[in-house]
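*Asks:* Here's a sequence, model it:
(one chain, ligands or ions: 1)
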Amino acid sequence: MCGIIGYSGHRPAVPLIIEGLHRLEYRGYDSSGVCFVQNKELKVVRAEGKLKLLEDKLARMEVSLATTGMGHTRWATHGAPTEDNAHPHRSSRGDLAIVHNGIIENYQECKAELLAKGFEFSSQTDTEVLANLIADEHSSETSLLKAFASALERARGAYAVALLSRQEPDTVYAARQSAPLLLGLGSGENFIASDIPAFLPYTRDVVFLEDGEIARITPTSWEVFSLADLKPMEKKISRIEWDLQAAQKGGYKHFMLKEIFEQPMTISDCAAGRVSMSRFEAHLPELEAIAKPSRLRIVACGTSYHAGIWAQILFENWARIPTTVEIASEFRYRNALLSPGETLLVVSQSGETADTLAALRIAKERGSPILGICNVIGSSISREADAIIFTQAGPEISVASTKAMTAQMTVLMLMAMHWSKNGGSLNRDEARLILNGLSDLPAKLSGILPTLKSEAATLAARFASSKGMFFLGRGQSYPLALEGALKVKELSYIHAEGYASGEMKHGPIALIDQDFPSFVLLPNDDLFAKTRSNMEEVAARKGPVIALTNPPKSGLDIKGCETWLMPEAFGPLNSFLMLPALQLFSYEAAAYLGKDVDQPRNLAKSVTVE
Ligand code: F6R
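*Replies:* Predicted structure coming up:
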């Protein structure tokens, strides 16, 4: 996501901050900005686009006297990637500015209160609301630390935020809640940043902030307080031994692994502001102005297409919307019939996939309403769709898509719930189980990821040299099977097929022998017994079977079958635990075979050609 750096020290702050922002570029961004106090004035300089454009602006200014400041690279979540929406954001009372990563969920409520008190807004961001909240608290509170803490108590959501004020020109404040932020400790200088590379050339001594903590740095001091009562906290100083490249990956060996491990946060970021736990409802503000479609046609490519198939069942079962799913490159050339009132839903991580974009344009020409699900703000699909829902997953750098699919599934599930309120068949009890399960899911997934990784490594060492493999599933596990096979193919170059388990006996079963393993997705759901029978058919032909399943369940003592156990989740939520297991298997298989995990051969991250 976005990048933050704050500096208080003895060197010229602005060039150091710009350099730090360059080291955070790998996180992806679409605008940037810095702020500093010089000659007792708080200056904010921002630019749309690449850092070079910000540097060009700064080159025309005298900035060398400031020795404290902060900078930000923004990856848009609320509001377009324009200069007005770029950070830092200043309070309309002028004396302070903040940079912020994350989402303030109740920003609309807070904004209404602040407007009533005469605050003004010049951007569409939630961040500007937080800046004004701090200024509002500061008008009745003499200490900026207390005002900052009180404003954060009023804000709900996930954030990493840094604050600079004209009145305390040598001090940077910072706080975090569910978004990374840390301090870098130097000699006569201190840093705050969202990620270690930002300050790694200057210091390797870091203090990791925890949720509910607030920090203050000056050139010669650093302190951490508890947000709740402002009591000082004892913090451990850690020494970073990684090099810069490893640090950009947050200590993970590959971006793919980092992104797989980010998925618990992806789920919570994606659901933030979209569910009501008191009414057990999903509510997507982006769909407010849109009538429930009479029919839905989902069009996408690759992994995004698999997310579409996964959601088809939910749109039909919960929302009672007849739904079809198509590969974009097929849809665009077959003169497809779209019935009146049928809505085209395009799903794309990048928002630039040529075939998906072409499908959107064709359907638009024919007068169909177009809805988009996309991860990249400002992308072509996000601009051309009639309404767009962002997945808020943060930039995905590894070529193989992982967290984007989890985010797409989260959004699609919430859309189906949203439309189920109007003539759907999802009852309140089920909705409660789903939403409670969804809020438990990040912790559940975080808890199992390390074990899944080591189990995946063991399986990869055993099966990565097979001549081929199957991934089998029914219902919502079928698209996961397709995805598991796609990941193995693209990363390890092993031939893998994703198949509907019931379809195996119509031909593909001929491939089965003792060197052809099958991974069977077997959640403890209504289709368990059916899929289990298909497993027996494979095992009877001496094919090794690995069943991804939930304990406890009898009936799995099939000769030649072994189990890979996942904790149980409610209904479709099982998929959010099984998908990372499949991703980890493909990751480990590729690593075992020595393949280039983040840049597989012949592939590009954004497929902008046919
Ligand atoms: C697979 C993968 C691709 C993309 C596909 C669509 O790991 O990344 O299959 O899912 O190229 O891309 P988007 O979602 O950007 O439209």
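*Asks:* how many neighbours does residue 10 have?
*Replies:* Residue 10: 12 surrounding residues under other Cβ atoms under 10 Å. All C-beta atoms are positioned from the backbone trio N, CA, C, and that covers glycine.
*Asks:* Could you find the closest non-adjacent residue to it?
*Replies:* In this structure, residue 10 finds its nearest non-sequential neighbour in residue 188, 4.9 Å apart by Cβ to Cβ, 6 or more residues apart in numbering.
*Asks:* Got the confidence number for the one you found?
*Replies:* On pLDDT, residue 188 comes in at 97.
*Asks:* Check the secondary structure at it for me.
*Replies:* Under DSSP: H, G, I helix; E, B strand; the rest coil, the three-state class of residue 188 is coil.
*Asks:* Likewise for the one 4 residues further on?
*Replies:* Three-state secondary structure (criterion: three-state DSSP) places residue 192 in strand.
*Asks:* What's the separation between it and residue 431?
*Replies:* 41 Å (Cβ to Cβ, to the nearest Å).
*Asks:* Quick check: next helix or strand after the lowest-mean-pLDDT helix or strand in the chain?
*Replies:* Lowest mean confidence among the helices and strands of the chain (mean pLDDT, DSSP states H and E): helix 244-248, at a mean of 71. Remark: after helix 244-248, the chain's next helix or strand is helix 255-261, criterion DSSP states H and E.
*Asks:* And the contacts of that following helix?
*Replies:* 249-250, 252, 396-398, 400, 402-403, 449, 453, 491, 580, 583-584, 587, 597-598 (Cβ atoms under 8 Å, 6 or more residues apart in numbering).
*Asks:* For residue 565, grab the count of nearby residues.
*Replies:* Other residues within reach of residue 565 by the criterion other Cβ under 10 Å amount to 18.
*Asks:* for residue 463, same thing?
*Replies:* Around residue 463 there are 20 residues (other Cβ under 10 Å).
*Asks:* The residue nearest to it when sequence neighbours are not counted and residue 14: what is the separation?
*Replies:* Distance criterion Cβ to Cβ, 6+ apart; nearest residue to residue 463, sequence neighbours excluded, is residue 517 at 5.1 Å. Noted for residue 517: a distance of 57 Å to residue 14, by Cβ to Cβ.
*Asks:* Please say which of those two ends up with more neighbours.
*Replies:* Taking other Cβ under 10 Å, residue 517 and residue 14 do not tie; residue 14 has more neighbours (25 against 21).
*Asks:* pLDDT at residue 540, what is it?
*Replies:* Residue 540 is given a pLDDT of 86.
*Asks:* what's around it, how many residues?
*Replies:* Using other Cβ under 10 Å, residue 540 has 13 neighbouring residues.
*Asks:* Excluding covalently adjacent residues, which one is nearest to the residue in the stretch 1-150 of the chain positioned nearest to the ligand?
*Replies:* As assessed by Cβ to the nearest ligand atom, the ligand sits closest to residue 28 within the stretch 1-150 of the chain, at 13.4 Å. Once flanking residues are discounted, residue 28 sits nearest to residue 395: 2.9 Å by Cβ to Cβ, 6+ apart.
*Asks:* Let's verify that neighbour: helix, strand, or coil?
*Replies:* At residue 395, secondary structure determined by three-state DSSP is coil.
*Asks:* what pLDDT does it get?
*Replies:* Reading off the model, residue 395 has pLDDT 79.
*Asks:* How about the contacts made by residue 216?
*Replies:* If you count contacts by Cβ under 8 Å, 6+ apart, residue 216 has them with 145, 171, 172, 173, 174, 222, 223, 225.
*Asks:* try residue 4
*Replies:* Applying Cβ under 8 Å, 6+ apart to residue 4 gives the contacts 70-72, 99-101, 160, 162, 181, 192-194, 198.
*Asks:* Not counting sequence-adjacent ones, nearest residue to residue 53?
*Replies:* With Cβ to Cβ, 6+ apart as the criterion, residue 53 has its nearest non-adjacent residue at 4.1 Å, and that residue is residue 47.
*Asks:* which ones are touching the one you found?
*Replies:* Taking Cβ under 8 Å, 6+ apart as the criterion, residue 47 is in contact with 31, 32, 33, 53, 54, 56, 57, 83, 86.
*Asks:* Okay, and which of the residues you listed map to strands?
*Replies:* Among the contacts of residue 47, the members found in strands (DSSP state E) are 31, 32, 33.
*Asks:* can you put those residues in CSV and add neighbour count?
*Replies:* Below are these laid out as CSV (neighbours: other Cβ atoms under 10 Å):
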residue, neighbour count
31, 27
32, 31
33, 24
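*Asks:* As JSON lines, these with pLDDT would be great.
*Replies:* Listed next are the ones in strands among the contacts of residue 47 as JSON lines, based on pLDDT from 0 to 100:
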{"residue": "31", "pLDDT": "92"}
{"residue": "32", "pLDDT": "96"}
{"residue": "33", "pLDDT": "97"}
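*Asks:* contacting residues for whichever residue of the stretch 201-350 of the chain sits closest to the ligand?
*Replies:* When distances are taken as Cβ to the nearest ligand atom, the stretch 201-350 of the chain reaches nearest to the ligand at residue 302, 1.9 Å away. By Cβ under 8 Å, 6+ apart, the contact set of residue 302 is 401, 486, 607.
*Asks:* confidence score at the first one?
*Replies:* pLDDT, the model's per-residue confidence, is 96 for residue 401.
*Asks:* helices or strands up against the longest helix belonging to the chain?
*Replies:* The longest helix of the chain (DSSP state H) is helix 428-463. When contacts are defined as 3 or more Cβ pairs under 8 Å, 6 or more residues apart in numbering; DSSP states H and E, helix 428-463 packs onto helix 255-261, helix 263-271, strand 275-276, helix 403-420, helix 575-592.
*Asks:* export the ones you listed to JSON lines and tack on distance to the ligand?
*Replies:* Formatted as JSON lines, the helices and strands packed on helix 428-463 follow (distance: least, Cβ to the nearest ligand atom, whole Å):
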{"stretch": "helix 255-261", "distance to the ligand": "9"}
{"stretch": "helix 263-271", "distance to the ligand": "14"}
{"stretch": "strand 275-276", "distance to the ligand": "24"}
{"stretch": "helix 403-420", "distance to the ligand": "6"}
{"stretch": "helix 575-592", "distance to the ligand": "9"}
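*Asks:* Can you say which of those is nearest to residue 39?
*Replies:* Between residue 39 and those, the shortest gap by Cβ to Cβ is with helix 263-271, which sits at 39.5 Å.
*Asks:* Show me what counts as buried in the closest one.
*Replies:* By neighbour count with 16 or more other Cβ atoms under 10 Å, helix 263-271 contains the buried residues 263, 264, 265, 266, 267, 268, 269, 270, 271.
*Asks:* and the second one, what does it touch?
*Replies:* Spelled out, that is residue 264. By Cβ under 8 Å, 6+ apart, the contact set of residue 264 is 441, 442, 443, 445, 446, 449.
*Asks:* ok, now with 6 Å
*Replies:* Residues near residue 264 by Cβ atoms under 6 Å, 6 or more residues apart in numbering: 442, 445, 446.
*Asks:* One more: the fifth one?
*Replies:* When contacts are counted by Cβ under 6 Å, 6+ apart, residue 267 touches 410, 441, 442.
*Asks:* rewinding a little: just say helix, strand or coil for the residue nearest to residue 53.
*Replies:* Secondary structure, three-state DSSP: residue 47 is strand.
*Asks:* measure it to residue 584 for me?
*Replies:* Using Cβ to Cβ, residue 47 is found at 39 Å from residue 584.
*Asks:* Residue 316 now?
*Replies:* 30 Å.
*Asks:* Count the residues that sit near residue 392.
*Replies:* By other Cβ under 10 Å, 25 other residues sit near residue 392.
*Asks:* quick one: residue 406 and residue 263 touch, right?
*Replies:* Yes. Contact criterion Cβ atoms under 6 Å: residue 406 and residue 263 qualify, at 4.8 Å.
*Asks:* I appreciate the help and will end here.
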